[in-house]
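Q: take this sequence and fold it.
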Amino acid sequence: MSIKKGDKVKVVYGSQKGKTGTVEKVLLDKGTVLVSGVNLVKKAIKSQGIVATQRPISLSKVAIVCPKCQKETRVSRKFENGKKTRICKKCKSEL
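A: Numbers count the residues shown, from 1 in each chain. Below is the predicted model:
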């Protein structure tokens, strides 16, 4: 899994294209992530009225934003001293 909780991601395609946010939760069994400020849906609840809630978005629709180069990128992995780290494909920095 290349996307983890706390990563900054950008929506690459779909109705929410261009929006960015941080990952709040990763749902591995469904292949989706919950991103703050993305895919908000209004729902009518009897006791509270109309409430805006977040819905998960597919993993294939989001890309990680590198904290160093501020571009959306793919992730490679590097093994050093028995530890696995995630590397930005564009600027080769650690994520």
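Q: list the buried ones in the longest strand seen in the chain?
A: Longest strand in the chain, counting residues (DSSP state E): strand 20-27. Neighbour-count burial for strand 20-27 flags 21, 23, 26 (criterion: 16 or more other Cβ atoms under 10 Å). C-beta coordinates here come from the backbone N, C-alpha and C atoms, glycine included.
Q: so what strands line up beside whatever helix or strand comes next after it?
A: Towards the C-terminus, the helix or strand next in line after strand 20-27, according to DSSP states H and E, is strand 32-35. Next to strand 32-35 in the sheet, as set by DSSP bridges, lie strand 20-27 (antiparallel), strand 57-58 (antiparallel).
Q: right, and the helix or strand after strand 32-35?
A: Next in sequence after strand 32-35, counting helices and strands by DSSP H and E, comes strand 40-45.
Q: list every C-alpha atom in that following strand, with coordinates, as PDB.
A: Extracted as PDB, the C-alpha positions of strand 40-45 are listed here (Å, rounded to 0.1, in the frame of the first residue of the first chain):
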ATOM      1  CA  LEU A  40     -18.800  15.700   0.700                       C
ATOM      2  CA  VAL A  41     -22.400  14.500   0.500                       C
ATOM      3  CA  LYS A  42     -25.400  16.200   2.100                       C
ATOM      4  CA  LYS A  43     -27.700  13.800   4.000                       C
ATOM      5  CA  ALA A  44     -31.100  14.400   5.600                       C
ATOM      6  CA  ILE A  45     -31.200  13.100   9.200                       C
END
